[in-house]
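*Asks:* the following block contains a protein sequence and its predicted model.
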Amino acid sequence: MTARDFSVSGQTVLVVGAARSGVAAARLLARRGAVTTLTDRKPQIPEAADLRAAGVRLELGGHVMASFAGASLIVMSPGVPPDLPEVARARAAGVPVIGELELASRWLRGPIVAITGTKGKSTTTTLVGRMLEASGRRVLVGGNIGYPLSAQVEASTDDTVHVVEASSFQLEATQTFRPWIAALLNVSADHLDRHPDLAAYAAAKARIFANQQPRDWAVINADSAEATRLAEHVPAQVVRYAVENTAPAEVYAGRGFVWHRTSEGDVPLLPLAAVQLAGRHMLSNVVAATAISHLAGATGDSLARALDGFTGLEHVMEPAGARGGVRFVNDSKATNIDAAARSIESFDKVVAIVGGKFKGGDFADLAGPLREHGRAVVAIGEARPLVRRALAGVVPVVEAETLAAAVRRAWDLAVPDGVVLLAPACASFDMFVDYADRGRRFKEEVQRLITEA
């Protein structure tokens, strides 16, 4: 569906959820002529005055069933569960329900490059944006990172490449969303507090390919068995990338370069010396971004230029300081067990701060990385008992009531030459506003510890 045949002018549209995506969708709908209502259970939101000035009606402090039943269209913010009772009743009554990503994509004029996966989405999306910009393309980066897609619609042109980080929450509510290039980085247990099981979570991720056509591209991580399985029957042309299982991959890392394997021989795309990121999983993100950007027309020179000075995103394997011989690393964005495992494997003599609001999975999956690379674990948050039960027989596990206490206990355990690594493997909402708040607080506590020294 394109901007030519999708209109909401004069329609009654209800947006559910007043987080950043829902707010952006409400503003967009009002500009496009819809009679727009934004509903949220929160009693107030900071954007209220601006939204009312833009013509958006607000229903805060609870949902009104009549608004759901009377809507011509319901647009869901990705943070809102799809089985919300009011939404379920409206859907049963025949009211169409779509997500914010789906809504915005119907009005985009330029091609879409979409990236999903359990871990690495933000880094890969950011790198693709940098690589395409360095090659001279007009690029807008957003979705689950930065600006919501709805905030990009008015700036969309035929020659704009929209580089979109897409979460499972966003993809599960898509119907016509069709990326020109769609990438699946990996799939492991995550968000099982929202999705009923791993199969449902994986199916939501796989929707990134659902509407592609044979002239589109699907970029698949050959190192991920689950990603490979989910891409077995995609309608698009498949390009595989790898850093480990390189034999079947068209784009792979080895012998000092990222290579493109062709019928006429291997072509170097990017020197590995240009990569300034720590960890094998971060190299995988670079190779993924290289494969995607190469498909989109970026040249080797622009690929390397994009990496110049790029040392990673905040809260992703971020150096946070040192005291004596102990280094501190902030990987607060490692919000699932697999991401935490990859983080632990990137260092030696690790004292890992693990815990928070449990999202599913098995902490015992950290046992292998901790046996090889770990020195101890400091458990925090609601998941403390689960962490201790799973890992106490692997490395010493101590508990801390606060992040400040955790940083100090971890430093004691890491002396004289270890690495204190915040790799929570959990959501942050039991103790913090979000993962970024958790990461900032960690860095503050580290700096306080260093200053005291």
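*Replies:* Nice, thanks for sending it over. Residues are numbered from 1 along each chain as shown.

*Asks:* domain parsing for the chain?
*Replies:* Here the domain parsing of the chain from automatic domain parsing is 12-95, 103-307, 318-452.

*Asks:* in the longest helix anywhere in the chain, which residues are buried?
*Replies:* Longest among the helix segments of the chain by residue count, using DSSP state H, is helix 435-452. Neighbour-count burial for helix 435-452, counted by 16 or more other Cβ atoms under 10 Å, picks out 435, 438-443, 445-446, 449-450. The C-beta positions use only the backbone N, C-alpha and C, and glycine is treated the same way.

*Asks:* can you redo the residues you listed as JSON lines with pLDDT?
*Replies:* As requested, those are exported to JSON lines (pLDDT from 0 to 100):
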{"residue": "Y435", "pLDDT": "95"}
{"residue": "R438", "pLDDT": "98"}
{"residue": "G439", "pLDDT": "98"}
{"residue": "R440", "pLDDT": "98"}
{"residue": "R441", "pLDDT": "98"}
{"residue": "F442", "pLDDT": "98"}
{"residue": "K443", "pLDDT": "98"}
{"residue": "E445", "pLDDT": "98"}
{"residue": "V446", "pLDDT": "98"}
{"residue": "L449", "pLDDT": "97"}
{"residue": "I450", "pLDDT": "96"}
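
*Asks:* nearest to L307, of those?
*Replies:* Closest approach between these and L307, by Cβ to Cβ: G439, at 22.9 Å.

*Asks:* point out where this protein drops to low pLDDT.
*Replies:* For the chain, the stretches flagged by pLDDT under 70 are 1-4, 189, 191-192.

*Asks:* quick one, what contacts the most centrally placed residue in it?
*Replies:* Nearest to the geometric centre of the chain sits K121, at 4.5 Å (Cα atoms, centre = their mean). By Cβ atoms under 8 Å, 6 or more residues apart in numbering, the contact list for K121 reads 115, 144-145, 165-167, 185.

*Asks:* now the buried members of those.
*Replies:* 115, 144-145, 165-167, 185.

*Asks:* so which of those are in helices?
*Replies:* Going by DSSP H, the helices hold none of the buried ones among the contacts of K121.

*Asks:* return the subset of those residues lying in strands.
*Replies:* 115, 165 (DSSP state E).

*Asks:* just the buried ones among the contacts of K121 now: which is nearest A249?
*Replies:* L185 (13.6 Å).

*Asks:* need phi/psi at the residue nearest to that closest one when sequence neighbours are not counted.
*Replies:* Leaving aside its chain neighbours, L185 sits nearest to G117 (2.8 Å; criterion: Cβ to Cβ, 6 or more residues apart in numbering). G117 has phi and psi values of phi 150, psi 160 when expressed as degrees, to the nearest 10.

*Asks:* just give me the neighbour total for G117.
*Replies:* For G117, the count of nearby residues is 26 (other Cβ atoms under 10 Å).

*Asks:* distance of it from A339?
*Replies:* Distance of G117 to A339, given as Cβ to Cβ, to the nearest Å: 10 Å.

*Asks:* hang on, D5 in a helix?
*Replies:* No: assignment of D5 by DSSP: H, G, I helix; E, B strand; the rest coil gives coil, placing it outside any helix.

*Asks:* quick one: contacts for it?
*Replies:* Contacts of D5 (Cβ under 8 Å, 6+ apart): none.

*Asks:* for it, give its distance to R106.
*Replies:* For D5, the distance to R106 - Cβ to Cβ - is 9 Å.

*Asks:* do K333 as well
*Replies:* 30 Å.

*Asks:* now swap in A253 and tell me
*Replies:* 37 Å.

*Asks:* neighbour-wise, which of these two wins?
*Replies:* A253 (24 against 18).

*Asks:* could you look up the SS state of the more buried one?
*Replies:* Classified using three-state DSSP, A253 is strand.

*Asks:* which residues are in contact with the closest residue to it other than its chain neighbours?
*Replies:* Distances taken as Cβ to Cβ, 6+ apart put V243 closest to A253, at 4.6 Å, once the chain neighbours are dropped. Contacts here follow Cβ under 8 Å, 6+ apart; on that basis V243 touches 223, 252-253, 280, 283-284, 287.

*Asks:* could you redo the last one with a cut-off of 6 Å?
*Replies:* 253, 283-284, 287 (Cβ atoms under 6 Å, 6 or more residues apart in numbering).

*Asks:* can you confirm G321 is in a helix?
*Replies:* No: assessed with three-state DSSP, G321 is strand; it does not lie in a helix.
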